[in-house]
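> I would like to see how this sequence folds:
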Amino acid sequence: MHRRQISDLLDQSIQVHSQCFVITSDNRFIIVCGFWDKSFRVYSTDTGKLTQVVFGHWDVVTCLARSESYIGGDCYILSGSRDATLLLWYWNGKSNGIGDNPNNEFATPRAILTGHDCEITCASVCAELGLVISGSKEGPCLIHSMNGDLLRTLEAPENCLRPKLIQVSREGHCVIYYDRGLFCVFSVNGKLQATKEIDDNTRAILLSRDGQYLLTGGDSGVVMIWQVCDLKHLFAYPGCDAGIRSMAVSYDQRCIITGMASGSIVLFYNDFNRWHHEYQTRY
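Numbers count the residues shown, from 1 in each chain. The predicted structure follows:
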């Protein structure tokens, strides 16, 4: 067996997707959810060794999200579950584990977020704004404070059902992908700013660091770039021969990395400045 292969089996009812996995900012650990025992687990990316098992939910954990990191690698980890709740955890970059004292057998969440009526399907956390945005299988998307207070409901158009992917920027834009190719952009005050329907089953979305641009990829195998404020289409990369299942952007925002349905990894060169008004003369 390859030393970096995670051999622990996920619950049979879980459909594996990009939000089942989170990588720490130093790339040394991967956090995985979807296990039958209602836990999520931490593994070393170098050795594949299991380093921590975290319990807290009453049903299978269905999605994970990570906040931006502080100095030292500390960050928040958000877990959503089939039990209709979300738990907010603290990742300790010094001791490389969940909780203030990862050596303790039982980690304790910083906050419990309630308000959904059914399975959590997607979530995002922004520590800079102190907000958590989450969506459930048959319900609306909700905004909570990181203390666990329910702040507001994001009211989408009637045809926007079953949220699947969420990203929130530090500028306060909430981008939500719903079933059937529908995108909505909300402000953190709950105002609907833009909607868009695209002809692709989107599997992964990302926001640029400045929050101005949205990257999408799906079954068509095409990475597309959109302007967040109005969802204007800016660019489409040449299509790949397999569907896109996950995406990441390098630290300098110059390289888009996509994980494909075929098991391959494809890299695209990127320069967001080409659409920035201050740099238009260069292009």
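
> what's across from the residue nearest the centre of the chain in the sheet?
In the chain, the residue lying closest to the centroid (CA atoms, centre = their mean) is Ala65, at 5.0 Å. With DSSP bridges applied, Ala65 shows beta-bridge pairing to Leu78.

> From what I see, it and Ala123 are in contact.
Yes - the criterion here is CB atoms under 8 Å, and Ala65 meets it with Ala123 at 4.9 Å. C-beta here means a position set from N, CA and C on the backbone, and glycine is covered the same way.

> Could you tell me which residues touch both of those two?
Residues touching both Ala65 and Ala123 by CB atoms under 8 Å, 6 or more residues apart in numbering: Gln19, Leu78, Gly80.

> related to what we said a few turns ago, mind listing what the residue nearest to the centre of the chain touches?
Contact analysis of Ala65 by CB under 8 Å, 6+ apart lists Gln19, Val22, Ile77, Leu78, Gly80, Ala123, Ser124, Val125.

> Apply 10 Å and report the result again.
By CB atoms under 10 Å, 6 or more residues apart in numbering, Ala65 lies in contact with 19, 22, 76-80, 86, 88, 122-126, 132-134, 166-168.

> Could you look up the SS state of Ala242?
Under DSSP: H, G, I helix; E, B strand; the rest coil, Ala242 falls in the coil class.

> Sorry, slip of the keys, the one I care about is Arg180.
Classification of Arg180 by three-state DSSP places it in helix.

> And for it, the neighbour number?
Number of residues near Arg180 (other CB atoms under 10 Å) recorded here: 12.

> Could you double-check that it sits in contact with Leu161?
Yes - between Arg180 and Leu161 there is a contact under CB atoms under 10 Å: 7.7 Å.

> Which element, helix or strand, includes Leu234?
Assigned by DSSP states H and E, Leu234 belongs to strand 232-236.

> Listing partners with orientation, what would you give for the helix or strand following that strand?
For strand 232-236, the following helix or strand on the C-terminal side (DSSP H and E) is strand 244-249. Each strand paired with strand 244-249, and its direction, by DSSP bridges: strand 255-260 (antiparallel).

> neighbouring contacts of the strand it pairs with?
18, 21, 203-204, 206, 215, 217, 221, 223, 225, 237, 240-250, 264-270.

> which phi and psi does Tyr177 have?
Backbone torsions for Tyr177, taken as degrees, to the nearest 10, come to phi -100, psi 130.

> typo on my end, Cys33
phi -120, psi 180.

> That one: what's it in contact with?
By CB under 10 Å, 6+ apart, the contact set of Cys33 is 10-11, 14, 19-22, 39-41, 54, 57, 60-64, 79-81.

> hey, where'd the strands end up in the stretch 1-150 of the chain?
For the stretch 1-150 of the chain, strands defined by DSSP state E, counting those that start in this stretch occupy the ranges 21-23, 29-32, 40-44, 50-54, 61-66, 75-81, 86-92, 97-98, 111-113, 120-126, 131-136, 141-145, 150-154.

> Out of the ones you listed, flag the one nearest Thr195.
Among these, the nearest to Thr195 by CB to CB is strand 150-154 (12.3 Å).

> ok, Ile112 touching Thr85?
Yes - under the contact definition of CB under 10 Å, Ile112 touches Thr85, with a separation of 6.1 Å.

> Kindly tell me how buried Phe29 is, as a neighbour count.
21.

> Tell me the pLDDT of it.
Predicted confidence (pLDDT) for Phe29: 96.

> my guess is it meets Cys75, correct?
No - contact criterion CB under 10 Å: Phe29 and Cys75 do not qualify, at 11.2 Å.

> Pull up the overlap in contacts between these two.
Contact criterion CB under 10 Å, 6+ apart; residues shared by Phe29 and Cys75: Val22, Trp91, Gly93.

> Pick the one among the residues you listed closest to Tyr70.
Nearest to Tyr70 among those is Gly93, at 7.7 Å by CB to CB.
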